[in-house]
Every structure is written in C-alpha cells, then in structure tokens.
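[1] coordinates for the following, if possible.
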Amino acid sequence: MSFTLDFLTAPTYWSWQLTNRCNLECIHCLEMSGPNAAYPYELSPKESMNLCKKIADFGIPYAALSGGEPLLYPGFWDLFTCFRNNDIEVKIETNGNLISESVADRIARLEPRSVQISIDGATQKTYSTMRPRGVLEKALNAIKYLNERGIYVEVEFVPTRINYKELGDAIDNIVKFGAKAIYTGKIMYLGNAVTYWNILSLNDEDYEYIKGVIKSKSIKYNDIKIVFYPSDLIEELRMRLEDPPSSILMMANGKIRLLNSVPYVVADVRKHSMEEIWERYKKGWRHPKVKEWVEEVSKNPRLISRAILLEDLSL
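    Reported below is the predicted structural model:
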C-alpha cells in the first residue's frame, strides 16, 4: 500500500460517472453507453446534490463529471454549480456533440478546470465509424467555442486499426480548433471493444507508428501538450496495485469501484458515510481478491473483459 494513500485523510479526486446514457454508441466504449443504456437506480438529482455537499464537507478538492454523456444527466447543471459554489475544481468529460455556443457560454460562467472532448478520427467517415451517431464537426466546434471562452480543452484520441493512420491529421485539426492538450494510448480490452476487438486491436508496429506521429507533432506544436501513454491495461493494473490512486471512482448508481478494470465494488454512497467510503476504498486495495485478480489477468489478459461482472468485496 502506498504511504501517501495510507496517510491521506480524504481522496484528492472524485470521478463521477453521472449516467450511462449517451447520445452516441461508440464501438470502443468502456461503459457500453448508449441512448437506452441508463444504469438501474442511477442517483437522482436530489441525491446528487446531497452527495455534492458531502464531498465538499469532506474536503475533496477536485471532481470529474463523465458518463455516458454527462450533459444528458438531468441534474448536471445544478451539480456543476454546487461543486463550483463550494470551490471544488471540475473537469467535464464529454463527446462534445451537445456543446453549442450557448452551452459553451453556460459552461464558461462556471469556470471549469478543464473540458475533455473525445475525438477519434480526422474525417467524418472514420469518426462516425468509431462513434456511431456522432458528428465530427460538432466535436471540433465544441473545442472552438470553449477555447474562445478561455476554457482549457483537452482531447482524448483512442487509436485503433480503423483510425490510427489519421492521428496526424486529427492532431492538426484539434490544434487548429484550439485544444491545449492531446492524450492517446493503448486501447483497452473492455466494454464494447471486446465485441469489436478484431477490427480495433493494434500490433506493436502500429504503436511504433503512433509514437512517431506523436514525436513529430510534439516538435511541430511545441506549445501543445501531446502525450502517448505507453502502458497497457495489465501494466497499469500492476502499477496501481503497488501504488493505488488517491481517487474515488463512482458509477451512476452510487457504487464505488477501485478501477474500471477491477471487478469489485467496495462501497455505496447510499449506504456508507464519506469516512466509511474512504476507509473501505483503502482496504479494498489490500484485499487478497484484488491481488489474485491482477495475477490472474496478468497470466491471461483476455480475462480483463470480465471486469464488467461486478461483485461486492467483503470488507
């Protein structure tokens, strides 16, 4: 267990998947989100507001609002406002297709720390193959609208066999529209990606190509942060087991997980106090089942797909 985690009195970060509903149906989505994919028993807007106040009282300084598509959550704006009124920094993780100029105005008034927009192609054909129902122009315009209002915009690009040759052009577009950071890395064998793995997965040679693009674009745009995360899902799991993150990951139904790649629930905001959630989270990383899980998937990486089959960890 990390010395830092043991001695922290509260998490440094609260990652909140507000809803599993989404306006898109991405073929690589970890959460298998979609228009009709709402989790049973998602937290109501009233429950979310109550939780926001608890998070503030517990001294957590930073929250990320994601989904699905967070802008579809009926309590999104009130929750966003609650966090900012309590001086909690907020990051919004969105596909950008719902961000018009008026929505960008509304976001800007609440001064988020950043907005992350997912863009997985340089052409509409490729983008909509990766993100059915999606419109690339809307996502790029979202970057533009937010940048014009002084908001720090990050972009995430998930490389696959479908789109990796477009990474260079995609970076050019993303920079032109005003993003300040671009992140990419190895695709995860989770969620919808498992079903489409035969058309998504890349080999070592493909990743070397990607690294070359990142290197050349980093030189060209030396004032833009362009990052390739080299670790795959199993490598990250091993690192996290040795040095757990000081962040809480909460699903739309209020259940607390250790990571998306670990199939255990350690707490429930409807049942546990903030103090109990934090202690159970720390105990969860020590649980022998978690170590066994990491050892098991290290031997057979394809088993990571079972991480969606959640069970409560006895603590």
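
[2] Gly254 contacts His272, correct?
    No - between Gly254 and His272 there is no contact under C-beta atoms under 8 Å: 9.6 Å. Backbone N, C-alpha and C define where each C-beta goes, glycine included.

[3] neighbour count winner among the two?
    Gly254 (20 against 17; other C-beta atoms under 10 Å).

[4] so who does the more buried one touch?
    41, 43, 47, 51, 268-270 (C-beta atoms under 8 Å, 6 or more residues apart in numbering).

[5] give me the buried positions along stretch 111-126.
    112, 114-122, 126 (16 or more other C-beta atoms under 10 Å).

[6] just the strands in the protein please.
    Secondary structure of the chain (DSSP state E): strands at 13-17, 62-66, 89-94, 114-118, 153-157, 181-185, 225-229, 247-250, 255-257, 264-268, 311-312.

[7] for this protein, give me the ranges with low pLDDT.
    1-3, 38-39 (pLDDT under 70).

[8] mind giving me the domain split of it?
    1-87+231-315, 95-230 (automatic domain parsing).

[9] doesn't Lys91 make contact with Ile117?
    No - using C-beta under 8 Å as the test, Ile117 is too far from Lys91 to be in contact (11.5 Å).

[10] re the thing from before, how about the strands of the chain, which one is nearest Asn23?
    With respect to Asn23, and counting by C-beta to C-beta, the nearest of the strands of the chain is strand 89-94 at 10.0 Å.

[11] so the closest one versus strand 114-118, what angle?
    20 degrees (axes from the mean of the first three to the mean of the last three C-alpha atoms, to 10 degrees).

[12] sheet partners, orientation included, of strand 89-94?
    strand 62-66 (parallel), strand 114-118 (parallel) (DSSP bridges).

[13] for that strand, C-alpha coordinates in CSV please.
    Extracted in CSV, the C-alpha atoms of strand 89-94 (Å, rounded to 0.1, in the frame of the first residue of the first chain):
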residue,chain,number,x,y,z
GLU,A,89,-12.4,22.2,-9.3
VAL,A,90,-14.4,20.5,-12.0
LYS,A,91,-13.4,18.6,-15.2
ILE,A,92,-16.1,17.6,-17.7
GLU,A,93,-15.5,14.6,-19.9
THR,A,94,-17.8,14.7,-22.9
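
[14] other residues contacting it?
    61-67, 69-71, 80, 83-84, 107, 110, 112-118, 142.

[15] quick one: it to chain centroid distance?
    10 Å (C-alpha atoms, centre = their mean, to the nearest Å).

[16] out of the buried residues of stretch 111-126, which is nearest to Val158?
    Asp120 (5.3 Å).

[17] any idea how far Tyr172 is from Ile119?
    Quick fix: residue 172 reads Asp, not Tyr. Asp172 sits 12 Å away from Ile119, going by C-beta to C-beta, to the nearest Å.

[18] on contacts alone, who are the packing partners of the lengthiest helix in the chain?
    As assigned by DSSP state H, the longest helix anywhere in the chain is helix 204-220. Applying 3 or more C-beta pairs under 8 Å, 6 or more residues apart in numbering; DSSP states H and E, one finds that helix 204-220 contacts helix 167-177, strand 225-229.

[19] contacts for the last one?
    Read it as strand 225-229. 171, 180-186, 210-211, 214, 217-218.

[20] how about that strand: buried residues?
    Neighbour count says strand 225-229 has 226, 228 buried, by 16+ other C-beta under 10 Å.

[21] what pairs with it, parallel or antiparallel?
    strand 181-185 (parallel).

[22] flag every buried residue along the partner strand.
    Buried, per 16+ other C-beta under 10 Å, within strand 181-185: 181-182, 184-185.

[23] with just CA atoms, put that strand into PDB.
    Provided in PDB are the C-alpha atoms of strand 181-185 (Å, rounded to 0.1, in the frame of the first residue of the first chain):
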ATOM      1  CA  ALA A 181      -3.600  19.000 -24.700                       C
ATOM      2  CA  ILE A 182      -4.000  15.800 -26.600                       C
ATOM      3  CA  TYR A 183      -3.800  12.400 -25.000                       C
ATOM      4  CA  THR A 184      -3.700   8.900 -26.600                       C
ATOM      5  CA  GLY A 185      -2.600   5.400 -25.600                       C
END
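
[24] contacts for that strand?
    Counting by C-beta under 8 Å, 6+ apart, 152-159, 167, 171, 174-175, 210, 214, 224-231 sit against strand 181-185.

[25] of those residues, buried ones?
    153-155, 157-159, 167, 171, 174-175, 210, 214, 224, 226, 228.
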